[in-house]
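Peer 1: Build me a structure from this.
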Amino acid sequence: MIMTIEYRGVEFDVEFDYDPAEEQTRDHEGCAAQVHITEFKHQGTCFLEWIEWDEDVNQLILENL
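Peer 2: The predicted structure is shown next:
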């Protein structure tokens, strides 16, 4: 998936994989929705290594889905 988000006042183009939440069952404990960012660019420059540790970016994406 591809999305544009505003992060710290700057617009970034974000490419990511999305895994929806899975409900708990008798055989599976379930899990929350997850985002795996593969590209994080501003004006063609990649900033992925700067945000890999930042959960705020993942939360912004989940809120905008």
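Peer 1: now the chain, which segments are flagged as low pLDDT?
Peer 2: Within the chain, the ranges that satisfy pLDDT under 70 run 52-53.
Peer 1: Just give me the longest helix of it.
Peer 2: Looking only at the chain and at elements set by DSSP state H, the helix with the highest residue count is helix 55-64.
Peer 1: Go ahead and name everything in contact with it.
Peer 2: Judged by CB atoms under 8 Å, 6 or more residues apart in numbering, the contacts made with helix 55-64 from elsewhere in the structure are Met3, Ile5, Tyr7, Val14, Phe16, Tyr18, Ala33, Gln34, Val35, Ile37, Phe40, Ile51. (C-beta placed from N, C-alpha, C; glycine too.)
Peer 1: Count residues in the vicinity of Ala33, would you?
Peer 2: Residues within reach of Ala33, counting by other CB atoms under 10 Å, total 13.
Peer 1: Kindly report the same for Asn64.
Peer 2: Using other CB under 10 Å as the criterion, the residues surrounding Asn64 number 11.
Peer 1: Which parts of this structure are helices?
Peer 2: Per DSSP H, the chain has helices spanning 48-51, 55-64. These are given in chain order.
Peer 1: looking at those helices, which is buried most?
Peer 2: Between these, helix 55-64 has the highest mean count of neighbours, a mean of 14, where neighbours are mean count of other CB atoms under 10 Å.
Peer 1: Now for the nearest residue to Pro20 once chain neighbours are set aside: which residues touch it?
Peer 2: Excluding the flanking residues, the one nearest Pro20 by CB to CB, 6 or more residues apart in numbering is Ala33, at 5.4 Å. Under the criterion of CB under 8 Å, 6+ apart, the contact partners of Ala33 comprise Tyr18, Asp19, Pro20, Ala21, Leu62.
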